[in-house]
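J.: quick one, fold the following:
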Amino acid sequence: MKIVEFKIKGMTCDHCAQTIAKKFSEKDGITNHDISYPSGSGKFEYDPKKINKEEIAVLIDSTGHYKVAGEVEQQSNENTTFDLIIIGGGSAAFSAAIKAESLGLSTLMVNGGLDFGGTCVNVGCIPSKNLIRAGETAYHASHSNFDGIKPKGVDIDFAQIIKDKKKLVATLQEKKYMDVVSDFENLTMLKGWAKFKDDKTIVVDGKEYKALKFLIATGATTSVPPIKGLKNVSYLTNETLFDLEEQPKSMIVLGGGYIALEIAQAYHRLGTKVTLLQRSQHVLSALTPDISDELLKHLRNEGMEIQTGLNFKQVSEENDKIKVQVEKSGEAKLFEAEKIVVATGTKPHTSQLGLENISLELTQNGHIVVNEKMETNLPNIYAAGDVTNTPAFVYTAAFEGRIAVENAFSGAENTADYSSLPWVVFTDPQVAGAGLDEAEAETKGIPYEVSKLELKDVPRAIAANDTRGFIKLIRNAETDKLIGARIVAPDGGELIQQLSMAIKYGITVKDLADSFYPYLTLGEGIKLAAITFGKDVSKLSCCAS
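T.: Modelled structure (predicted):
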């Protein structure tokens, strides 16, 4: 919503003001109006998508007796005090704004950097998954699991793929973010970088804004490693890569986390020669090595070049080529490509917030420290999303934004419990998990047992001629309750939610084994993995129970 105020000539009494007001009583796009004879002006709150201020002026003039004599300059709201100021414009911020509106809170959302909507819709989840699916379509047009089906290949219009991606991002940014808050009466949205002056005041473009409570939800950005020469070359990140309409012929991807792997496979399948370079011995290094080994086996089978255990020496750019010098097991190696993408993890977006002015507690890695209620060490400041020391997912960020506002203003005691949190890496095969793995159970001193079922023993996978991956369940050996799960499988992410619910509600492995599963579904693999704790399923019939 926008506000415009006009000077109006010709009004001689309050009845004149009422006459003008009648012109706008049912005018589409006008959400509020205040016509004042004493001040000789009219103030209008309007939806710029439906009407503009020029049309409002024409409507006033159309009365014949009253004329617009100019626009009244709006007073700056630099000293306006809000109930809540949200710093950031992503999932946590919008979720918080929605909750704040429902509580009737006057709210200011200040967003700098990425457009409103944040990482997920603009440069993260939406564009990456769109390109992953495009790459998947191209791959299956050239590869078949069945000897009797001979794919004939595919023509790829890379520029069109990127244009369609941009259109999708713009549509979802509008529909899922801006349109959602467009009719909020208590929300003000402001573009700019916010800096704390003190714990009750921020400064944006030289103007001061105050609030009773603050929510910091500024997200995270790519952490660029200190490799010699890297900052001197024209490297890409997820914030810039997805807008390239000219397809790179070759690309080096630095990193071995989920962002690096998803980017690498998507562009490889679309026809770019991709080389992934990773410092540690395993990709997805926070997970157990069997997951990394299984995934790498299938990615390499597709023809991707993946190098791990590297010591990076130098990055340079010569003759429109990026060159990366590394050392592996004492041997020098050189890799070169047209483009280089840095996907070596993220760092919290806090450097411009002026946190040194308010003594906010940070972790060693710079994340804002919050407890399970999203409270910081300062009683009127909360934080949510990737900027904090909590799991960095769009759905956790949205959850945290909501409960932060509830806790701050309604006296609620909502907490974030991530003990059964489901997550997915959208490679092919996908990697998914929830709860603890065996290493984490060991660290916590929990007695555990592991069942690992390869997909070659799952009827759905056998029938599809696609037996890549496994399903791994971890149970408490004393209670039989499921405490964790890890999956590597095509569309394995579609299985993880039910396992997350099983962990959350204390379902036992026996419960899983005794439940009904439709035959020839991937979900049936959960039943078989549960049975595997006590039996060798490879020796059971298809009707085993």
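J.: pretty sure K166 sits in a strand.
T.: No - using DSSP: H, G, I helix; E, B strand; the rest coil, the assignment for K166 is helix, not a strand.
J.: what about it, how many neighbours?
T.: Using other CB atoms under 10 Å, the number of residues around K166 comes to 15. For every residue, glycine as well, the C-beta is placed using N, CA and C.
J.: show me what contacts it?
T.: D243 (CB atoms under 8 Å, 6 or more residues apart in numbering).
J.: show me what the helix or strand encompassing L499 is packed against.
T.: Counting by DSSP states H and E, the element that carries L499 is helix 496-504. In terms of contacts (3 or more CB pairs under 8 Å, 6 or more residues apart in numbering; DSSP states H and E), helix 496-504 is packed against strand 422-425, strand 430-435, strand 482-489.
J.: low-confidence stretches in the stretch 51-200 of the chain?
T.: For the stretch 51-200 of the chain, the stretches with pLDDT under 70 are 73-79.
J.: how about 80 then?
T.: 63-64, 69, 71-80 (pLDDT under 80).
J.: circling back: quick one: the helices and strands packed on helix 496-504 as a markdown table, columns for mean neighbour count too.
T.: What follows is these, written out as a markdown table (neighbours: other CB atoms under 10 Å):
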| stretch | mean neighbour count |
| --- | --- |
| strand 422-425 | 20 |
| strand 430-435 | 24 |
| strand 482-489 | 28 |
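J.: let's have those in JSON lines, adding mean pLDDT and distance to T532.
T.: Listed next are the helices and strands packed on helix 496-504 as JSON lines, based on pLDDT from 0 to 100; distance: least, CB to CB, whole Å:
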{"stretch": "strand 422-425", "mean pLDDT": "98", "distance to T532": "21"}
{"stretch": "strand 430-435", "mean pLDDT": "98", "distance to T532": "18"}
{"stretch": "strand 482-489", "mean pLDDT": "98", "distance to T532": "13"}
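J.: got the ones you listed as JSON lines, with distance to G112 columns?
T.: Listed next are the helices and strands packed on helix 496-504 as JSON lines, based on distance: least, CB to CB, whole Å:
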{"stretch": "strand 422-425", "distance to G112": "28"}
{"stretch": "strand 430-435", "distance to G112": "34"}
{"stretch": "strand 482-489", "distance to G112": "38"}
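J.: and of these, who's closest to L362?
T.: strand 422-425 (24.4 Å; CB to CB).
J.: any idea how far the closest one is from the chain center?
T.: Centroid separation between strand 422-425 and its chain, computed with CA atoms, centre = their mean, to the nearest Å, is 12 Å.
J.: direction included, what does it pair against?
T.: strand 430-435 (antiparallel) (DSSP bridges).
J.: next, the angle strand 482-489 makes with the partner strand.
T.: 180 degrees (axes from the mean of the first three to the mean of the last three CA atoms, to 10 degrees).
J.: bridged to the residue lying closest to G493 once chain neighbours are set aside, which residues?
T.: Spatially, and ignoring its direct neighbours in sequence, G493 is nearest to V424 (3.6 Å; CB to CB, 6 or more residues apart in numbering). Following DSSP bridges, V424 is listed with bridge partners A432.
J.: just to check, V424 is in contact with Y395?
T.: No - the pair V424 / Y395 is not scored as a contact, 10.8 Å apart, by CB atoms under 8 Å.
J.: on that earlier part again, what residues of the helix holding L499 count as buried?
T.: I496, Q498, L499, S500, A502, I503, K504 (16 or more other CB atoms under 10 Å).
J.: now the two most distant members of these.
T.: I496 and K504 (12.2 Å).
J.: quick one: the helices in the stretch 201-350 of the chain?
T.: Counting by DSSP state H, counting those that start in this stretch, the stretch 201-350 of the chain has these helices, from start to end: 238-241, 258-269, 289-301.
J.: relative to A464, which of the ones you listed is closest?
T.: Per CB to CB, nearest to A464 of these: helix 289-301, 14.7 Å.
J.: so for the closest one, mean pLDDT?
T.: The average pLDDT for helix 289-301 rounds to 97.
J.: now do the buried residues in that helix.
T.: Within helix 289-301, the residues that qualify as buried are D290, I291, S292, E294, L295, L296, H298, L299, counting by 16+ other CB under 10 Å.
J.: from those, pick the one nearest C120.
T.: L295 (23.5 Å).
J.: ok, now how distant is T275 from E318?
T.: 17 Å (CB to CB, to the nearest Å).
J.: between these two, which one's more packed in?
T.: Set side by side, T275 and E318 show more neighbours around T275, with 20 against 9, by other CB under 10 Å.
J.: let me see the contact set for the more buried one.
T.: T275 neighbours (CB under 8 Å, 6+ apart): S250, M251, I252, V253, E305, I306, Q307, F335, A337.
J.: what about 10 Å?
T.: 250-254, 264, 268, 304-307, 324, 335-337, 340 (CB atoms under 10 Å, 6 or more residues apart in numbering).
J.: what does I216 give?
T.: 85-88, 92-93, 194, 196, 348-350, 353, 355, 360, 368, 370, 374, 376, 381-385, 387-388, 404.
J.: understood, closing this out.
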